[in-house]
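Engineer: Here you go, sequence then predicted model.
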Amino acid sequence: MHQLLFVVWVPLFWLMAGGPLFAQPDGAGERCLEEGRYSETALSGTVRAAAGGLQATLSCRSLPGKDGNKVSVRLDAELGGRTYANLKLPDQEALSNLRIEDLDGDGRAEIVLDTFSGGAHCCFGIWVLRHEARQDTYQPTRADWGNYPPGRAKDLDKDGRFEFVSADNAFAYTFTDFADSVPPIQIWQYSRGSFRNVTRNYPALIRRAAARILQGVAEAKKTGRDMRGGYAAYLATQYLLGQPTRGWQKLRAAYRPSKEAICDKDWPCAPSAYFAKLRAFLQTAGYTKS
Ligand SMILES: [Ca+2]
Ligand SMILES: [Ca+2]
């Protein structure tokens, strides 16, 4: 009896403590999910994760075809003795890290999966499937991280809800090439079927990110590299901290076009044009209303 209690309570404890419970994949299943589209041979297998009475199973099958491999993926869940078959999932992306997590700390576990579109560095995303008790169905929620995946979610403030620490993909290629683009920190929280940007609730992390950006700008200055991306990200952090005036003063005093920068209409270098673009962009991207 004691043994049984231990077996039942360990997963519950993990969920209540917010600990992720990762899938125990068979190697073939994981390979099929991640590489199925590119493999030259047929792959198939399953990946399972189970915790707190919920079990998720991903079945993957890839078959070589004329126009590349065709991959079919099926997600089934079992909760409280009931089976939810063939839950809705995207079929064109590589999937990884199937896990069961109580992301929003409401005591009910979600099925979580990371996605990758394929490509040099883009695009990353996540699917969260939540059991909707009223309709007795699983509903998927999607977040797109673009070029900057957050890695594993953490409970930053120990309130039982997970935070995803990512970076704002809107800054990629906006002021300069990708290598010189700098994205400011962006923090997301999942709650009952939606993702919310909660970056402004974590000023200490924003300040730390701002300091790192300035360090990068100082390094770039030494080598003559393009600093427009770094300065834009720094200014965004100042808006997030509620001190835009201070940010603009610092930027206006420090900004000089870099010798290595590619300057054109889309990526202006001259201070007045760069500042105008930056101001308009921060409005569009939701950093300020005025
Ligand atoms: Ca939950
Ligand atoms: Ca939290």
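Structural biologist: Ah, there it is. Numbers count the residues shown, from 1 in each chain. Ligands and ions are numbered 1, 2, ... in the order given.
Engineer: what about the strands in this structure?
Structural biologist: 21-22, 43-51, 54-63, 70-79, 82-87, 94-101, 110-116, 124-132, 137-146, 163-167, 185-191, 194-197 (DSSP state E).
Engineer: just how off-centre is the fourth one within its chain?
Structural biologist: Once both centres are worked out by CA atoms, centre = their mean, to the nearest Å, strand 70-79 turns out to sit 22 Å from its chain's centre.
Engineer: what lines up beside that strand in the sheet?
Structural biologist: strand 54-63 (antiparallel), strand 82-87 (antiparallel) (DSSP bridges).
Engineer: And the first one, what's buried?
Structural biologist: Spelled out, that is strand 54-63. Neighbour-count burial for strand 54-63, counted by 16 or more other CB atoms under 10 Å, picks out 54, 55, 56, 57, 58, 59, 60, 61, 62. All C-beta spots, glycine's among them, are computed from the backbone N, C-alpha and C.
Engineer: Please parse the protein into its domains.
Structural biologist: Listed by automatic domain parsing, the domain ranges of the chain are 2-146, 204-284.
Engineer: What parts of the stretch 1-150 of the chain come near ligand 1?
Structural biologist: 102, 104, 106, 108 (CB under 5 Å from the ion).
Engineer: and if we set it to 6 Å?
Structural biologist: 102, 103, 104, 106, 108, 110 (CB under 6 Å from the ion).
Engineer: Mind putting the residues you listed into CSV with neighbour count and pLDDT?
Structural biologist: Output for these, formatted as CSV (neighbours: other CB atoms under 10 Å; pLDDT from 0 to 100):
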residue, neighbour count, pLDDT
102, 24, 93
103, 27, 95
104, 20, 95
106, 13, 93
108, 17, 92
110, 24, 95
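Engineer: Distance to residue 151 added to these, as TSV?
Structural biologist: Shown next, in TSV, are those (distance: CB to CB, whole Å):
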residue	distance to residue 151
102	19
103	14
104	19
106	23
108	24
110	18
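Engineer: can you tell me which of those residues lies nearest to residue 148?
Structural biologist: Proximity to residue 148 was ranked across these by CB to CB; first place goes to residue 103, at 19.1 Å.
Engineer: Am I right that the closest one is in contact with residue 112?
Structural biologist: Yes - under the criterion of CB atoms under 8 Å, residue 103 makes contact with residue 112 at 6.8 Å.
Engineer: okay, and the common contacts of those two?
Structural biologist: Taking CB atoms under 8 Å, 6 or more residues apart in numbering as the contact rule, residue 103 and residue 112 both touch residue 128.
Engineer: Quick check: residue 188 touching residue 201?
Structural biologist: No - with contact defined as CB under 8 Å, residue 188 does not count as touching residue 201 (11.2 Å).
Engineer: Without its sequence neighbours, what residue ends up closest to residue 106?
Structural biologist: Spatial nearest neighbour of residue 106, excluding adjacent residues (CB to CB, 6 or more residues apart in numbering): residue 192 at 6.7 Å.
Engineer: Near that neighbour, how many residues? Count them for me, please.
Structural biologist: Look at residue 192: counted by other CB atoms under 10 Å, it has 12 neighbours.
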